[in-house]
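J.: quick one, fold the following:
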Amino acid sequence: MSDDEELRSQLADRLARSGHLRTQPWRQAVEGVARHEFLTGGFFNRIDTKTVTAWAPVMPDDPLWLERCYQDESLVTQIAGTIVPGDLRGEVMRAPTSSSTMPSLVVRMLEDLQVDAGHRVLEIGTGTGYSTALLCHRLGDELVASVEVDEGVSGRARTALGTCGYAPHLVVGNGLAGHKDGAPYDRVIATCGIVTVPMEWIEQTRPGGIILTTLCGWMYSSELARLTVHDDGTASGRFLAGQISFMLARPQTPPPLGILPDLDQGQEREAALGADVVDDWDTRFVAQLAAPRAQRITLTRDGRTEHVLLDVEADAWAALSEDGGRWSVRQGGPSRIWDEIEEHVTRWRADGAPPLDQFEVSVTPDGQTITWPRA
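T.: Down below sits the predicted model:
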């Protein structure tokens, strides 16, 4: 047994012990697909300082490269939309834009997708191609299509897949539009976060088929939803337990904040809830239901910390500050962001603060709704 075969077997053992790898067909896929082949261009190592996060390249000549490829960790493979590890020496301080997702999450999602032999699958977000290869191993190349928005990322994935002997149908384009030429699909799986489920995915999935995707907002609390498509062209389902986070699909990423509004203006009142409530994952998710396109930043002005929510598209904002344990909020624009968040969170708490895996997701041509059970 070669070094990488032993590492694959050890990875499968770890994923099985953690409960993410649950069935034999997917274990065979993990043991059969060489993850390191999808990382031959290297990856970035995260370096945290007191003030910034930087990224330094790790290339295949690094003595720990092969072992790192088989650790259960996400490995960043692209920075700022264009920079790959081979492009630089030293460090870069920009945001990651593509990665090889941690194997436990990849396998957990593939298990949750509930595929059977003969199912046709559309993957949104090819990335390095590792999860695509697992699908090919399980189902066969001819039943797997994968869409990637970044031509360079897709090209590198194609090369790695070919090296491993796989030839799925790879598409460069906007994954939010799906890939209608291969429809209908039995399963759709998205390896990126989205704010709203595109109707195109529903239209391209056969009735009874499943869509597995991570729903998020611009305050970055996200949950994995499994939706079943119905005969009437709608879809519904629930969130699956566990906090899951992906990079947002590029067409649904938040806009630049631009010039901040005058935070000394607006209407001020005592806040019933402080900004610290959205530090909690579940509460922040509920807040996002009221303000899905609000971005959260923290400022220090005149020696005072202000927690600011901005909906750039709606030109609405809220700024909260604390003084002696009492919170106040100033709000401006055509809507009152914090009023809506307070109302939503207070109502959820009055209903017993049900966990997110009890929430219902429904998508129709009229839009997307997310609700929780009422007391």
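
J.: measure how far stretch 203-218 is from the centre of its chain, please.
T.: Mean-position distance between stretch 203-218 and its chain equals 13 Å (C-alpha atoms, centre = their mean, to the nearest Å).

J.: er, stretch 183-196 actually
T.: 12 Å.

J.: ok, stretch 203-223 next?
T.: 10 Å.

J.: could you work out the end-to-end span of it for me?
T.: End-to-end span of stretch 203-223 (C-alpha to C-alpha, to the nearest Å): 23 Å.

J.: buried set for it?
T.: For stretch 203-223, a neighbour-count test (16 or more other C-beta atoms under 10 Å) marks 204-205, 209-223 as buried. For the C-beta atoms, the positions are set from N, CA and C on the backbone; glycine is no exception.

J.: model confidence over stretch 206-224, on average?
T.: Averaged across stretch 206-224, pLDDT comes to 94.

J.: kindly apply the preceding question to stretch 15-30 instead.
T.: Computed over stretch 15-30, the average pLDDT equals 96.

J.: what's the answer for stretch 365-375, then?
T.: So the average pLDDT for stretch 365-375 ends up being 93.

J.: which residues in the stretch 151-300 of the chain form strands?
T.: Secondary structure of the stretch 151-300 of the chain (DSSP state E, counting those that start in this stretch): strands at 169-172, 185-194, 205-215, 223-229, 235-243, 267-270, 295-301.

J.: winner for burial among these?
T.: strand 185-194 (a mean of 24; mean count of other C-beta atoms under 10 Å).

J.: what inclination does that one have with respect to strand 235-243?
T.: Computed by axes from the mean of the first three to the mean of the last three C-alpha atoms, to 10 degrees, the angle separating strand 185-194 from strand 235-243 equals 50 degrees.

J.: so which elements touch strand 185-194?
T.: On a contact count with 3 or more C-beta pairs under 8 Å, 6 or more residues apart in numbering; DSSP states H and E, strand 185-194 meets helix 103-112, strand 121-124, strand 205-215.

J.: show me which helix or strand of the chain is least confident by mean pLDDT.
T.: Sorting the helices and strands of the chain by mean pLDDT, DSSP states H and E puts strand 96-100 at the bottom, at a mean of 88.

J.: domain ranges for the protein, per the record?
T.: The chain is divided into the following domains under automatic domain parsing: 3-56+100-250, 267-350.

J.: tell me which of these is the most buried.
T.: Mean neighbours per residue, mean count of other C-beta under 10 Å, is largest over these for domain 3-56+100-250, with a mean of 19.

J.: what's the first-to-last distance across that domain?
T.: 37 Å.

J.: and the residue nearest to Pro184 when sequence neighbours are not counted, what does it touch?
T.: Sequence neighbours aside, Arg206 is the residue nearest to Pro184 in space, at 4.1 Å (criterion: C-beta to C-beta, 6 or more residues apart in numbering). By C-beta atoms under 8 Å, 6 or more residues apart in numbering, the residues touching Arg206 are 184-186, 229.

J.: can I get those in JSON lines with pLDDT?
T.: Shown next, in JSON lines, are those (pLDDT from 0 to 100):
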{"residue": "Pro184", "pLDDT": "97"}
{"residue": "Tyr185", "pLDDT": "98"}
{"residue": "Asp186", "pLDDT": "98"}
{"residue": "Val229", "pLDDT": "98"}
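
J.: pick the one among the residues you listed closest to Met59.
T.: Tyr185 (37.1 Å; C-beta to C-beta).

J.: just want the angle from the least confident helix or strand of the chain to strand 185-194.
T.: Using the same axes, to 10 degrees: strand 96-100 against strand 185-194 is 140 degrees.

J.: what about the helices in the stretch 1-150 of the chain?
T.: For the stretch 1-150 of the chain, helices defined by DSSP state H, counting those that start in this stretch occupy the ranges 3-17, 24-32, 65-69, 103-112, 130-139.

J.: measure Ala241 to Arg108 for me?
T.: Taking C-beta to C-beta, to the nearest Å as the measure, Ala241 falls 11 Å from Arg108.

J.: ok, now Met59?
T.: 29 Å.

J.: repeat for Leu176
T.: From Leu176 to Arg108 the distance is 23 Å (C-beta to C-beta).

J.: and Asp323, what are its phi and psi?
T.: Per-residue torsions, Asp323: phi -140, psi 110 (degrees, to the nearest 10).

J.: just the pLDDT at it, thanks.
T.: pLDDT, Asp323: 89.

J.: what's opposite Thr298 in the beta bridge?
T.: With DSSP bridges as the criterion, Thr298 is bridged to His307.

J.: so it sits right up against Val308, yeah?
T.: Yes - judged on C-beta atoms under 8 Å, Thr298 makes contact with Val308 at a distance of 7.3 Å.

J.: still on that earlier bit, could you dump the helices of the stretch 1-150 of the chain into a markdown table with distance to Phe43 added?
T.: Listed next are the helices of the stretch 1-150 of the chain as a markdown table, based on distance: least, C-beta to C-beta, whole Å:
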| stretch | distance to Phe43 |
| --- | --- |
| helix 3-17 | 16 |
| helix 24-32 | 19 |
| helix 65-69 | 8 |
| helix 103-112 | 14 |
| helix 130-139 | 12 |
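
J.: closest one to Ile47 among these?
T.: The nearest among the helices of the stretch 1-150 of the chain, by C-beta to C-beta, is helix 65-69 at 14.7 Å.

J.: tell me who's in contact with Leu273.
T.: Contacts of Leu273 by C-beta under 8 Å, 6+ apart are 327, 341-342, 345-346.

J.: tell me which two in those are the farthest apart.
T.: Top of the distance list for the contacts of Leu273 (C-beta to C-beta): Trp327 and Thr346, 14.1 Å.

J.: how far does stretch 170-186 sit from its chain's centre?
T.: 19 Å.

J.: quick check: end-to-end length of it?
T.: 18 Å.

J.: that older thread, generate a markdown table for the strands of the stretch 151-300 of the chain, with distance to Ser18 as supplementary columns.
T.: Shown next, in a markdown table, are these (distance: least, C-beta to C-beta, whole Å):
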| stretch | distance to Ser18 |
| --- | --- |
| strand 169-172 | 30 |
| strand 185-194 | 19 |
| strand 205-215 | 19 |
| strand 223-229 | 16 |
| strand 235-243 | 12 |
| strand 267-270 | 46 |
| strand 295-301 | 32 |
